[in-house]
Every structure is written in structure tokens, then in C-alpha cells.
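A.B. asks: Below: sequence and its predicted model.
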Amino acid sequence: MSLKPKMPLQVWILTLAAFAIGTAEFVIAGILPEVASSLRVTEGQAGNLITAYALTIVVAGPILTLWLARFEKRNVLIGLMALFIAGNLIGAVTTNYSVLLISRVIAGLAQGPFFGIGAVVATKLVSDKLAGQAVGQMFAGLTLANVLGVPAGTWIGNSLGWHMTFLVISVLGVITAVAVAAFVPVQGRDRSAPSVRGQLRAFNDRNLIASLAITILGWVGFMTFYGYIAPVARVAGFSAADLTWVLVIVGFGLIIGNMTGGRTADANLRLSLILWPAAMIVSLIVVGFVASFKWLFLAAAFVFGVASFTNVPPMQMRVMKYGKAAPELAATANISAFNVANALGGLIGGAVVDSSFGAGAIPFAAAILPVLALLFILSQEVRIKERRSSAAAPPLVPSASASR
């Protein structure tokens, strides 16, 4: 009887880093009202902290990853964690909204490169057969952040103040940086200069561009609602103290959705790309209709967690399918696409929560762009099917009578 191979300690350290970074990214959703009240800004303005973080990943992530790839990878990871720690420490001590916004930008600079370079390091720590599992293990830290880190950070923020949330995240970053320095072996410098121009040619494929557009339009609904789940939960009758376990329940939905989406995408990618966006749209509409009913809202929010994260694997797989000419760059571009969606979601949710419609209208607003995404997906799949049918059809041979 063979035992399943265990991941080395170093991969678990990278998982811890992903957990810390993911917590820092999403915890603002749980402490948004407290931040807004403390800094005397509206909840919509506080939502700009989500947008700034996401846009930093979009713009700086690919550029920094390409630049840092030439340096020794362990030192790069340590340096990125130092940047992450600095950003969160600034957030932990500031009482100024603009400074907090800058701190989010600083912390966000570390996320894209850390995941890009960390994934390469993870594959080098195991055999080729376990490379995919190692990367999956590392990225599992993001999912765990939504289940454990965000609720814990929310509880800390509500109990001890939101500054303490950023301080605890900073301490977690320090522990991770020390562990990377102590246990991750030196990787050596990569002196091979990749042809950026050659990789960019992959984006001549219209299907790849369409896939990135699908990610942006389809994912906006997630952050529009999840980023402002605190004010919507307040409409449902939950207190700030209740929000911790509300996020835990939604977080378990995210885990189930991520696993389900991966399995269905492996079984039938085209069906998954149609089914799961439709499921998320329906779940958002249901959340909107039951937002005033406490327990119905909680049940619907859990279903939303499942339906939303089932979209992640199919979206990622579609990008990889049409980005085979430059898989690393395509994957990085899709991470940027997810964060473009996060930024748009922060803006949309902020505009709605500050409007006369109020927080109760956020789920309905969150469903609008995913509907466009679903229509776009359907049109793209029909077009691809027509092209394949045309390519497979035998050429027409003129008859003898017609040639006379």
C-alpha cells in the first residue's frame, strides 16, 4: 500500500505566505465599516482601499515579476515579504485615509511577484510529478485566508480595533519571512533572459483576449458583493460581531466551489463556463431578494460562495488553453484580469452603498456584468463551434454539369 507523498516543509511555508497575503487582500471586506467610521469617510470611499490594492496587482504585478525573475529567488521572496510587512505596518499605525491608501499600494506590490515567483520555487522543491500539486498547495493558502484569515482578522478588528488587524498580519508576515530565510534553499540566479516580445505574440490569439475579458466581466460580481458583505449583512440584521462567523460560513462555500469548479472543468470545460456564471448570477439575485431576512440571507450567501468560486478553475483553464504559446505570461495576465474585476467591483459596490439605493441593492448591481459575461461566453462558444464545423466540412467540388 503506497502512501500519498507529503509536501516538504518549504511548500507549507509558501502556503503560509499565501495565507498571509490573501488575508491582507480580503480582510478589508470584514472591517470596512470600522475603517470608514474611524477615518471619517464613507463606506464607498473606504472601498477604494480594495480598488487601490487590486489595481496595484494589475499594473505592477507582471512588470515586477519580469524584472525580478533574473535574481536569486529566495532573496526575492524575502524582499517581497519585507515590502508586504512594511505596507501592513504603515496601515497598523496610521490614522490618515490617504496614508492607509498608500499602505495598501505598498502591500499590493508584493502579491503578484510573490505568487508568480513562489510558484516556480514550489515546483523546484518537489519532483516533476508533484509540481502541479505543489503549486496547488501554495495557492490553497488563498482559499484558507477566506475561511480562517478573513474571519479572524474581522474578529480582531471588531474586538481590538482595525489597526490591530494590520499589526497581526504584519507579525504573520515576519514569521513567514524568517521561515523562508531559514528553510527555503538558495535557488540560484536565472540568467536566461526570456523573450518578452515572443511571449507577447501569444496575445494575437483572439480567443485568449476573449478569455481574459470573460474573467473580468464574470468575476466583477464576486468582489462587488463580497467586498461590501459587511454593510449588506447589516441590512440582514447581523451585528459587527456576527460578521466573523458569517464570513466563515461563506468561506466554506468558497472551498466547496473551488473544488467543484475544478472537477467540472476537467470533465466539461465548455459546460462549466456556461453553468457556473449562470449559477452565480442566480445566487446574487436571490441574495438581493432575501437581504432583509437574516437566516435566508445567510443561506443564500453560502450558496453564493459556492457558485462564485466554481468559476475560478474554468476561467483559469480557458486562459491556459488559449495561452499555450506563453503559459506563464497568460496565467499572470489572468491574475491581473481577476484584479481588474476586483477593482471594478470595489468601485461599483462603493457607488451603490453610498447612493440612495443603499447596501441592499449591492447584490443586484453585482449581477449585471456577470450577465454580460454569460452572453459573451455563449457567443464565443457558438463562434468557436462554427469555426470548427467550417474547418471540418469537406471542400465543395463542382459537378461536371456545372463546369460545362
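C.D. replies: Received, thanks. The structure presented is a predicted model; accordingly, all values stated were derived computationally and were not measured.

A.B. asks: drop to CA atoms for contacts and neighbour counts, all remaining ones
C.D. replies: Noted.

A.B. asks: List the contacts of the helix or strand hosting residue 173.
C.D. replies: Per DSSP states H and E: residue 173 is located in helix 162-183. Contact with helix 162-183 is made by 9-10, 13-14, 16-17, 20, 23-24, 31, 34-35, 74-75, 77-78, 81-82, 84-86, 88-89, 91-93, 153-154, 156-157, as judged by C-alpha atoms under 8 Å, 6 or more residues apart in numbering.

A.B. asks: distance of residue 143 from residue 149?
C.D. replies: 9 Å (C-alpha to C-alpha, to the nearest Å).

A.B. asks: wait, I meant residue 210
C.D. replies: Here residue 210 is placed at a distance of 33 Å from residue 149 (C-alpha to C-alpha).

A.B. asks: Could I have the ChimeraX command that selects the buried members from the contacts of helix 162-183?
C.D. replies: Restricted to buried positions by 16 or more other C-alpha atoms under 10 Å, the ChimeraX selection for the contacts of helix 162-183 reads:
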select :10,13,14,16,17,20,23,24,31,34,35,74,75,77,78,81,82,84,85,86,88,89,91,92,153,154,156,157
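
A.B. asks: In helices only, show me the contacts of helix 162-183.
C.D. replies: 9-10, 13-14, 16-17, 20, 23-24, 31, 34-35, 74-75, 77-78, 81-82, 84-86, 88-89, 91-93, 153-154, 156-157 (DSSP state H).

A.B. asks: which residues of the stretch 251-400 of the chain fall in helices?
C.D. replies: 269-289, 294-309, 312-322, 327-353, 362-366, 368-392, 400-403 (DSSP state H, counting those that start in this stretch).

A.B. asks: Neighbour count: residue 210 and residue 149, which is higher?
C.D. replies: residue 149 (26 against 17; other C-alpha atoms under 10 Å).

A.B. asks: For the more buried one, give me its contacts.
C.D. replies: Residue 149 sits next to 19, 20, 22, 23, 27 when contact means C-alpha under 8 Å, 6+ apart.

A.B. asks: ok, now with 10 Å
C.D. replies: 19-24, 26-27, 141-143, 155, 169, 247-248, 251 (C-alpha atoms under 10 Å, 6 or more residues apart in numbering).

A.B. asks: Low-confidence bits of the stretch 201-350 of the chain, can you list those?
C.D. replies: Scanning the stretch 201-350 of the chain with the threshold set as pLDDT under 70 gives 326-329.

A.B. asks: residues shared between the contacts of residue 143 and residue 149?
C.D. replies: Shared contacts of residue 143 and residue 149, defined by C-alpha under 10 Å, 6+ apart, are found at 19, 22, 23, 251.

A.B. asks: Excluding covalently adjacent residues, which one is nearest to the second one?
C.D. replies: Take residue 22 and drop its neighbours on the chain: the residue closest to it by C-alpha to C-alpha, 6 or more residues apart in numbering is residue 142, 4.9 Å away.

A.B. asks: what about the one you found, how many neighbours?
C.D. replies: By other C-alpha under 10 Å, neighbour count at residue 142 equals 22.

A.B. asks: do the same with residue 160
C.D. replies: That count, for residue 160 with other C-alpha under 10 Å as the rule, works out to 11.

A.B. asks: That one: what's it in contact with?
C.D. replies: Shown in contact with residue 160 (C-alpha under 10 Å, 6+ apart): residue 154.

A.B. asks: Read off the pLDDT value for it.
C.D. replies: Here, the pLDDT recorded for residue 160 equals 93.

A.B. asks: That one and residue 294: what is the separation?
C.D. replies: According to C-alpha to C-alpha, residue 160 stands 26 Å off from residue 294.

A.B. asks: which one of the shared contacts of residue 143 and residue 149 is nearest residue 300?
C.D. replies: The closest of those to residue 300 turns out to be residue 251 (C-alpha to C-alpha; 12.9 Å).

A.B. asks: That closest one: how many residues sit nearby?
C.D. replies: Neighbour count for residue 251, taken as other C-alpha under 10 Å: 26.

A.B. asks: Quickly note the distance from it to residue 301.
C.D. replies: When distance is defined by C-alpha to C-alpha, residue 251 is 10 Å away from residue 301.

A.B. asks: which ones are touching the residue nearest to the spatial centre of the chain?
C.D. replies: Centroid-nearest residue in the chain, with C-alpha atoms, centre = their mean: residue 338, separated by 5.6 Å. By C-alpha under 10 Å, 6+ apart, the contact list for residue 338 reads 54, 57-58, 212-220, 223, 312, 315-316, 332, 344.

A.B. asks: Surely residue 106 touches residue 90?
C.D. replies: Yes. Under the criterion of C-alpha atoms under 10 Å, residue 106 makes contact with residue 90 at 9.3 Å.

A.B. asks: Overlap of the contact sets of these two?
C.D. replies: Joint contacts of residue 106 and residue 90 (C-alpha under 10 Å, 6+ apart) are residue 100.

A.B. asks: ok so, going back, which one of the helices of the stretch 251-400 of the chain lies closest to residue 98?
C.D. replies: That would be helix 327-353 among the helices of the stretch 251-400 of the chain, by C-alpha to C-alpha, at 16.9 Å.

A.B. asks: May I see the buried residues of that closest one?
C.D. replies: For helix 327-353, a neighbour-count test (16+ other C-alpha under 10 Å) marks 327, 329-353 as buried.
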